[in-house]
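> Quick one, fold the following:
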Amino acid sequence: MATRLNTALDRRAELKAEGLKLLDIAASNRTDEQSARLDAIDKDIQALDGDIDRLRRMGDEERAQATSDFHQERVSAGGIKTTGRWESGDEEKLAKFAPNGAPIVYHGLPRMDAATAMRYAFGRQLQDVYSATTRHTLSEPLAQLQAAAQGAGEKIGSDGGFMVQTDLAAGIIQNVFSGGALLNAVRQINLGENSNGISMRAVDETSRATGSRWGGVRAYWVDEGTGPTASKPTFRKLEMKLNKLAALGYATDELLADFVAMGDVMFQAFTEEVRFLVEDSILNGTGAGMPLGILRSPALVSTTRTTSSRVKHADVINMWARQHARAKANAVWLCNTDVNPDLDQLFFTGATNDVPVRFVTYGEDGVMRIKGKPVIETEYNATLGTVGDLVLADLTQYLFIQKLLQTAASMHVAFATDEMAFRVTWRVDGKPAWVSALTPFKGSATQSPFVAIAT
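Okay, here's the model as predicted:
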């Protein structure tokens, strides 16, 4: 059932993409063949929508039947024995979930705060997965998740994979964002269940010179009765396609025996590793199988370094001058820890004395600010003296797409060197919204939301 549903959903997505391309062509410019194809696509999508609704209803019926099957102890084809019985009302609870949903069966203890409860529940599920794999005993909560997983077409226990409880997977990714200095600031775009990327139109503006604004719009001062010359904006296509990121965590037998500690350790491990790779790609990504990073973007402006292998007062001044005016409101300084001593020693060179610069300050939180903008030390910036050691960036000009949280994470189990391995996957992509630096209306020095110092 799940395979047929997924096939129908994929076909609908293909037809939709084809139809949108045809709709991009103005009606007056479409050929008769293209118009006929567009009508046919519309009819096919309507027919598929009916099939999809029917398949989903049948899937709900199958899951309702699965709940009654679990009332009787049985041994599955994979040799996993289910234990325990469902309480009254559980059938109704499970039936409410859509094919890609899952019931919430793992909870924290009373009086636990939300964060602790989530880690506790995560540890309990990991321990149940371990028991199901090694002892072939499926706990009642895991059996409920499996009923939902089979309806969604996910792997079943006999195949070695188990679906992670939806709220726990979402909690991992939520922590990735909340604790990430870069991820928390980029422009986030969530994609739907059946989408693997995004294509949008963006203004093709690379110069503010007259006749180039908005890619070609121009206004005129005209005498009464005289009309202006026609002009129009131009657009470029901005496309992004999801890449898969997988994080592996390993648990020893000793850790698996203590689900409280395991929940804490594995939750933090997944969170930090996923965050590290994604944030590093935002700054350094190649764009091949991963997001395109700021430092590899054609929109990056690199200023000339005043002194070899150092950051001086003139470097900071030059970087600020090349930051686009509208980007300064949201700008932050990103630097390697090696750069911090140089920033603390910025000074004006006078005729007889060196005077500290007036625009470096510290807030009550201990965070350095340069020209009022916070300085954020990261592991992703290059070491002192290399492009990327200090970056001035407006991260709202970086686009980041991701799959919806409930469909982005799953957990699989495998043996490796006598340890149990757990994996979380996340599908994402990112790139700067700007494709090039901008030539200003007056002056020749290009500007950008992303500025670094050359090596």
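> If you count residues, where's the longest strand of this structure?
strand 419-432 (DSSP state E).
> Which neighbours in the sheet does that one have, and how are they oriented?
strand 243-251 (antiparallel), strand 398-403 (antiparallel), strand 411-416 (antiparallel) (DSSP bridges).
> Residue 283: which of these is closest?
strand 398-403 (9.6 Å; CB to CB). In this view, the C-beta of every residue, glycine as well, is placed from N, C-alpha and C.
> Show me the contact partners of the closest one.
Residues outside strand 398-403 that contact it (CB atoms under 8 Å, 6 or more residues apart in numbering) are 173, 183, 186-191, 193, 197-198, 238, 240, 242, 282, 291, 294, 408, 426-433.
> how close does residue 339 get to residue 385?
9 Å (CB to CB, to the nearest Å).
> do residue 171 as well
For residue 171, the distance to residue 385 (CB to CB) stands at 40 Å.
> Which of those two has more residues huddled nearby?
A count of neighbours by other CB atoms under 10 Å puts residue 171 above the other of residue 171 and residue 385, at 22 against 17.
> Which strand or helix spans that one?
Per DSSP states H and E: residue 171 is located in helix 166-178.
> That helix to strand 243-251, inter-axis angle?
110 degrees (axes from the mean of the first three to the mean of the last three CA atoms, to 10 degrees).
> Just name whatever secondary elements helix 166-178 is in contact with.
In terms of contacts (3 or more CB pairs under 8 Å, 6 or more residues apart in numbering; DSSP states H and E), helix 166-178 is packed against helix 114-134, helix 259-284, helix 405-408, strand 419-432.
> hey, least reliable of those by pLDDT?
Averaging pLDDT over each of the helices and strands packed on helix 166-178 singles out helix 405-408 as the lowest, with a mean of 44.
> Excluding chain neighbours, what is closest to residue 184?
Closest residue to residue 184 apart from its sequence neighbours, by CB to CB, 6 or more residues apart in numbering: residue 177 at 5.9 Å.
> wait, isn't the one you found in contact with residue 183?
Yes - using CB atoms under 8 Å, residue 177 is in contact with residue 183, at 5.1 Å.
> Counting neighbours, go ahead and name the busier of the two.
Legend: neighbour count by other CB under 10 Å for residue 177 and residue 183, higher for residue 183 (23 against 17).
> re the thing from before, between the strands paired with strand 419-432, which one is nearest to residue 266?
strand 243-251 (5.1 Å).
> tell me the angle the closest one makes with helix 259-284.
Inter-element angle recorded for strand 243-251 and helix 259-284: 150 degrees (by the same axes, to 10 degrees).
> Quick check: buried residues in strand 243-251?
243, 245, 247, 249, 251 (16 or more other CB atoms under 10 Å).
> returning to what we had before: next, the contact list for the residue nearest to residue 184, please.
183, 184, 188.
> Please tabulate those residues in CSV, including the columns pLDDT, distance to residue 347 and secondary structure.
Formatted as CSV, those follow (pLDDT from 0 to 100; distance: CB to CB, whole Å; DSSP: H, G, I helix; E, B strand; the rest coil):
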residue, pLDDT, distance to residue 347, secondary structure
183, 92, 35, coil
184, 90, 33, coil
188, 89, 40, strand
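> Adding distance to residue 344 as columns, could you present those in TSV?
Below are the contacts of residue 177 laid out as TSV (distance: CB to CB, whole Å):
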residue	distance to residue 344
183	27
184	26
188	34
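> Helices of this structure, residue ranges please.
Along the chain, the stretches classed as helices by DSSP state H are 2-23, 32-69, 90-95, 114-134, 140-151, 166-178, 253-256, 259-284, 313-322, 340-344, 405-408.
> which residues touch stretch 333-345?
With contact meaning CB under 8 Å, 6+ apart, stretch 333-345 is reached by 182, 283, 310-312, 316, 360, 368, 370, 373-378, 380-384, 388-393.
> so how far is it off the chain centroid?
28 Å (CA atoms, centre = their mean, to the nearest Å).
> Please apply the same query to stretch 386-402.
Distance, centroid of stretch 386-402 to centroid of chain: 15 Å (CA atoms, centre = their mean).
> Please export the C-alpha coordinates of that stretch as CSV.
The C-alpha trace of stretch 386-402 is given here as CSV (Å, rounded to 0.1, in the frame of the first residue of the first chain):
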residue,chain,number,x,y,z
THR,A,386,44.1,33.2,5.4
VAL,A,387,41.0,34.2,3.5
GLY,A,388,38.1,33.6,5.9
ASP,A,389,40.0,34.4,9.2
LEU,A,390,37.6,37.4,9.6
VAL,A,391,34.4,37.6,7.7
LEU,A,392,31.7,40.4,7.7
ALA,A,393,28.4,38.8,6.7
ASP,A,394,24.7,39.5,6.6
LEU,A,395,23.5,35.9,7.2
THR,A,396,19.9,36.8,6.3
GLN,A,397,21.2,36.9,2.7
TYR,A,398,22.0,33.2,2.9
LEU,A,399,19.2,30.9,1.8
PHE,A,400,18.8,27.5,3.6
ILE,A,401,16.2,24.9,2.7
GLN,A,402,15.4,21.7,4.6
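> Could you report the separation of the spatially most central residue of the chain from residue 331?
Nearest to the mean C-alpha position of the chain, counting by CA atoms, centre = their mean, stands residue 402 at 3.9 Å. Counting by CB to CB, the separation of residue 402 from residue 331 is 24 Å.
> What's the end-to-end length of stretch 208-220?
Chord length of stretch 208-220, first to last residue, is 15 Å (CA to CA, to the nearest Å).
> what's the answer for stretch 287-307, then?
31 Å.
> just stretch 329-348 next, same as before
For stretch 329-348, the first and last residues are 25 Å from each other (CA to CA).
> which of the residues in that stretch are buried?
Buried, per 16+ other CB under 10 Å, within stretch 329-348: 331, 332, 333, 334, 335, 336, 338, 339, 342, 343, 346.
> could these go into CSV alongside distance to residue 325?
Below are these laid out as CSV (distance: CB to CB, whole Å):
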residue, distance to residue 325
331, 11
332, 16
333, 17
334, 20
335, 23
336, 27
338, 30
339, 25
342, 26
343, 23
346, 23
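> Out of those, the closest to residue 257 would be?
The closest of the buried residues of stretch 329-348 to residue 257 turns out to be residue 336 (CB to CB; 40.7 Å).
> What sits closest to that closest one if chain neighbours are left out?
Spatial nearest neighbour of residue 336, excluding adjacent residues (CB to CB, 6+ apart): residue 381 at 3.9 Å.
> Tell me the predicted confidence for the one you found.
The confidence metric pLDDT takes the value 96 at residue 381.
> wait, doesn't it sit right on residue 387?
No - with contact defined as CB under 8 Å, residue 381 does not reach residue 387; the gap is 10.0 Å.
> between these two, which one's more packed in?
residue 381 (26 against 16).
> Can you pull the phi and psi angles for the more buried one?
Here is the backbone geometry of residue 381 (degrees, to the nearest 10): phi -70, psi 150.
> Name whatever forms a beta bridge with the residue nearest to residue 429 when sequence neighbours are not counted.
Among residues not flanking residue 429 along the chain, residue 240 sits closest, at 4.6 Å (CB to CB, 6+ apart). With DSSP bridges as the criterion, residue 240 is bridged to residue 198.
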